[in-house]
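Colleague: sequence and computational prediction follow.
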Amino acid sequence: MVRTKQIPLDLKHPVSFDLTDYVVSSSNADAYHFVEEWPQSGAHFGAIVGPRGAGKSHLLRGWAQTVNAQELVPDADLSSLETGRHYFIDDVNQLAQGNVHAYSDSFLFHAFNWAKEKKADILVADVDPPTQWRRKLPDLRSRMGTVPIASIQQPDDDLIKVLLIKLFSDRQLQVNIEVVDYIVERMPRSFAATVLLADSMDRIALAERRKITKPLAKRCLDELEDLP
């Protein structure tokens, strides 16, 4: 009987943005407490910044769930927004069709002023701090220099280990703790690498009907080094 290789399906794993599921460590504790205290801070526009995959969206959307904040879409009518409400924008510098900002300079400028006037607040997330957004409108750039920020740093070993275990659990993969330790000792210290490794090991284990072992982990680590 010929044993065929199973073709892995690109299935999306369910994502929880609940703040109780957010793993706090030395690399993100300041950002976590910033968000936790944000509604009482008195500020009207703030930013969560950090590397891709660092958990900015989790933190932002978890806060949004907690305070019932509404997401601002790029074509939102600012005049229809409610006084005193909480709002958020995830990936505020995302590009739309034509390689232009989905959230225009004019939109952000008016949103900043509107929130201040109406005693509302807007929390946004991006890779870079507001002073590095490369926006062209001078009035917007000057206002972005006053925005309080919460920074997430690259993860330490303890956080990487917890994230790997969580990612494996999300994918319903049973992995021996010795294998996890083996991976943590050899992998790059970044959120992006952690997610890439979990996805790679999940894909290969499913395709080849294998358990997550040190040889499989080494194979995925080697492939990660070859990425541009």
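Modeller: That came through fine.
Colleague: what about the strands in the chain?
Modeller: Using DSSP state E, the strands of the chain run over residues 45-49, 70-71, 86-89, 95-96, 100-101, 121-126, 149-151.
Colleague: could you export these as JSON lines, including mean neighbour count?
Modeller: Heads up, the C-betas are built off the backbone N, CA and C, glycines and all. Formatted as JSON lines, these follow (neighbours: other CB atoms under 10 Å):
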{"stretch": "strand 45-49", "mean neighbour count": "23"}
{"stretch": "strand 70-71", "mean neighbour count": "13"}
{"stretch": "strand 86-89", "mean neighbour count": "22"}
{"stretch": "strand 95-96", "mean neighbour count": "10"}
{"stretch": "strand 100-101", "mean neighbour count": "13"}
{"stretch": "strand 121-126", "mean neighbour count": "24"}
{"stretch": "strand 149-151", "mean neighbour count": "19"}
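Colleague: where are the low-confidence patches of the protein?
Modeller: Flagging of the chain using pLDDT under 70 yields the residue ranges 1-16, 227-228.
Colleague: pull the number of nearby residues for residue 162.
Modeller: Neighbourhood size, residue 162 [other CB atoms under 10 Å]: 15.
Colleague: typo on my end, residue 213
Modeller: 16.
Colleague: quick one, phi/psi of it?
Modeller: For residue 213, the backbone dihedrals are phi -120, psi 170 (criterion: degrees, to the nearest 10).
Colleague: okay, buried residues for stretch 199-211 please.
Modeller: 200, 201, 202, 204, 205, 206 (16 or more other CB atoms under 10 Å).
Colleague: reformat those as CSV; add distance to residue 123.
Modeller: Putting these into CSV (distance: CB to CB, whole Å) gives the following:
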residue, distance to residue 123
200, 33
201, 34
202, 32
204, 38
205, 38
206, 37
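Colleague: out of those, flag the one nearest to residue 59.
Modeller: residue 202 (24.3 Å; CB to CB).
Colleague: not counting its neighbours along the chain, what's nearest the closest one?
Modeller: residue 171 (4.6 Å; CB to CB, 6 or more residues apart in numbering).
Colleague: burial count for the one you found?
Modeller: Neighbours around residue 171, by other CB under 10 Å: 18.
Colleague: could you do the one 10 residues further on as well?
Modeller: The local packing of residue 181 (other CB under 10 Å) involves 14 other residues.
Colleague: would you check that it makes contact with residue 161?
Modeller: Yes - using CB atoms under 8 Å, residue 181 makes contact with residue 161 at a distance of 7.5 Å.
Colleague: ok, residue 19 - contacts?
Modeller: By CB atoms under 8 Å, 6 or more residues apart in numbering, the residues touching residue 19 are 59, 62, 63, 65, 66.
Colleague: returning to what we had before: in helices, which of the buried residues of stretch 199-211 appear?
Modeller: Counting by DSSP state H, the buried residues of stretch 199-211 place 200, 201, 202, 204, 205, 206 in helices.
Colleague: let me see the ranges of the helices in the protein.
Modeller: Using DSSP H, helices in the chain cover 29-37, 56-67, 105-117, 138-144, 157-170, 177-186, 191-208, 214-226.
Colleague: what's the closest of the buried residues of stretch 199-211 to residue 217?
Modeller: residue 201 (6.6 Å).
Colleague: good, we can wrap up now.
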